[in-house]
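**Q** just to be clear, the model below is a prediction. Sequence and coordinates:
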Amino acid sequence: MQTPNWIKLTVDLILCLVIALTLYRVILQENPSARSQWLQEVLVIFYYGFTLASMALIGQTYQLGGSIAKLLLVWTLVTLPIVLLGRGKFLSTLWIIGTIITYTFNLEVISNFIATLTYQRYIWESLVSALYTLTPFFFILLSRIPWLIKNRPVMAGELSRCSWLAIIIGGWFCQFMWYEHIFGSAQETKLLQLFLIICFFATMVMLIFIPKLYPSRTKKTQLAMRIVLIATFTIGASALWHEHSYPLIGALSNVAYMIVLTWAALQTHSIRLFNMMTALICIRLLFIYFEVFGSMLETGIGLVVGGVITLLVVWGWFKKAGLLAQYFGLSQQDKVMRDTK
């Protein structure tokens with residue numbers, strides 16, 4: 001607090017110049033060694049974060065005011081050329097997180113702008129809700145930019161992967177809407193209707209353009225992407241129309257959704273997704289048992305039935321483990337190691 005402003009700003013500027021000149025020198029060397037690439041990546045990450053800290057310091061020093069949304073937006077746009085100097089997965093993930101935060105904060109600004117264009121509250125609320133919900137679509141389109149795919153394949157891959165992960169997680173959480181009362185006033189019903197119409201058309205457009213967005217993927221993978229999108233929209237839309245709580249329907253719809261994801265994992269030969277989904281299905285079945293027969297758990301019959309269900313699920317898994325290993329192209333040694341884990 002006692003440090004003069006000119007000293008703080010001078011030190012900040014000197015540090016920025018040192019980082020920038022060091023990064024510039026490393027890039028000019030064009031050294032393909034792992035050490036040089038690692039150093040360049042670290043400098044880009046440090047410069048990326050230090051720029052935000054410098055902007056915050058300048059704003060605090062001169063009492064510029066403004067919102068966090070504007071600060072994050074300017075920071076994200078200004079540092080984009082810096083970020084594109086990096087090529088690593090950690091930097092890509094860090095940039096994705098920063099961009100998502102920036103996007104979320106600025107949606108409030110968009111919301112206020114839309115609110116000034118119409119007096120119908122349900123219209124702008126449904127539009128903003130759709131913008132929040134369709135965020136993964138925006139990042140999928142961003143990840144399919146040809147220049148990014150060609151020159152920064154790691155960043156493009158991470159953007160696409162995180163977007164699809166967000167879609168999958170969003171579909172998984174749709175089950176909890178069945179645990180709550182949804183229907184409300186006529187205004188809320190209009191909001192839901194317009195919201196679903198927007199999401200429906202956005203989903204249809206995405207379904208149509210998946211082959212163009214992912215031309216290098218196989219037809220099975222493209223089909224799996226489409227089925228996942230359809231399943232996510234269907235489960236989410238159906239969970240918005242009920243007057244009472246239906247936890248059992250929510251649990252069963254969640255199991256059905258995870259079965260679709262398991263099928264998609266088989267189509268895309270993603271063993272990680274397959275293992276995760278099958279494990280979650282087993283856990284979800286046990287939780288359904290706890291929800292439906294919770295009162296019986298105190299009795300011996302309830303405990304025996306629960307144990308039998310668990311054993312049957314495990315038995316079925318190991319029964320098909322060999323065929324699954326062959327399907328995923330795993331050797332017998334890999335299969336044994338995975339079973340052991």
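**A** That came through, no problem.
**Q** test my guess that Phe287 contacts Ala251.
**A** Yes - with contact taken as C-beta atoms under 8 Å, Phe287 and Ala251 are classed as touching, separated by 7.1 Å. C-beta here means a position set from N, CA and C on the backbone, and glycine is covered the same way.
**Q** out of the two, which sits in the busier spot?
**A** Looking at Phe287 and Ala251 with other C-beta atoms under 10 Å, you find the greater number of neighbours at Ala251, namely 20 against 12.
**Q** setting aside sequence neighbours, what's the nearest residue to the more buried one?
**A** Distance criterion C-beta to C-beta, 6 or more residues apart in numbering; nearest residue to Ala251, sequence neighbours excluded, is Ile288 at 4.8 Å.
**Q** SS state for the one you found?
**A** Using DSSP: H, G, I helix; E, B strand; the rest coil, the three-state assignment for Ile288 comes out as helix.
**Q** one more: Leu64?
**A** Leu64 falls in the coil class when you classify it by three-state DSSP.
**Q** does it really touch Ala56, like I thought?
**A** No - the pair Leu64 / Ala56 is not scored as a contact, 10.3 Å apart, by C-beta under 8 Å.
**Q** quick one on the thing from earlier: residues contacting the residue nearest to Ala251?
**A** For Ile288, the contacting residues are 248, 251-252, 255, by C-beta atoms under 8 Å, 6 or more residues apart in numbering.
**Q** same check on Ile198?
**A** Going by C-beta under 8 Å, 6+ apart, Ile198 touches 126-127, 130, 134.
**Q** can you pull out the low-pLDDT segments for this structure?
**A** Confidence mapping of the chain against pLDDT under 70 gives the ranges 115, 117-119, 183-187, 291-303, 305-306, 310, 317, 320-341.
**Q** so Ile27, which of the three states?
**A** At Ile27, secondary structure determined by three-state DSSP is helix.
**Q** just give me the neighbour total for it.
**A** Neighbour count for Ile27, taken as other C-beta under 10 Å: 14.
**Q** list the contacts of it.
**A** Shown in contact with Ile27 (C-beta under 8 Å, 6+ apart): 40, 85.
**Q** repeat that for the one 10 residues further on.
**A** For Gln37, the contacting residues are 31, 87, taking C-beta under 8 Å, 6+ apart as the criterion.
**Q** hang on, the earlier thing: among the contacts of Ile288, which lie within helices?
**A** When DSSP state H defines the helices, the subset of the contacts of Ile288 inside them is 248, 251-252, 255.
**Q** which of the residues you listed count as buried?
**A** Buried members of these, counted by 16 or more other C-beta atoms under 10 Å: 251, 255.
**Q** columns distance to Met204 on top of the ones in helices among the contacts of Ile288, output as CSV?
**A** What follows is these, written out as CSV (distance: C-beta to C-beta, whole Å):
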residue, distance to Met204
Leu248, 31
Ala251, 29
Leu252, 26
Val255, 26
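**Q** contacting residues for Gly98?
**A** Contacts of Gly98 by C-beta under 8 Å, 6+ apart are 48, 72, 75-76.
**Q** Val314 versus that one, what's the distance?
**A** Taken as C-beta to C-beta, to the nearest Å, the spacing of Gly98 relative to Val314 amounts to 42 Å.
**Q** the nearest residue to Thr268 once chain neighbours are set aside is in what secondary structure piece?
**A** Distance criterion C-beta to C-beta, 6+ apart; nearest residue to Thr268, sequence neighbours excluded, is Thr221 at 5.0 Å. Element membership for Thr221, per DSSP states H and E: helix 219-238.
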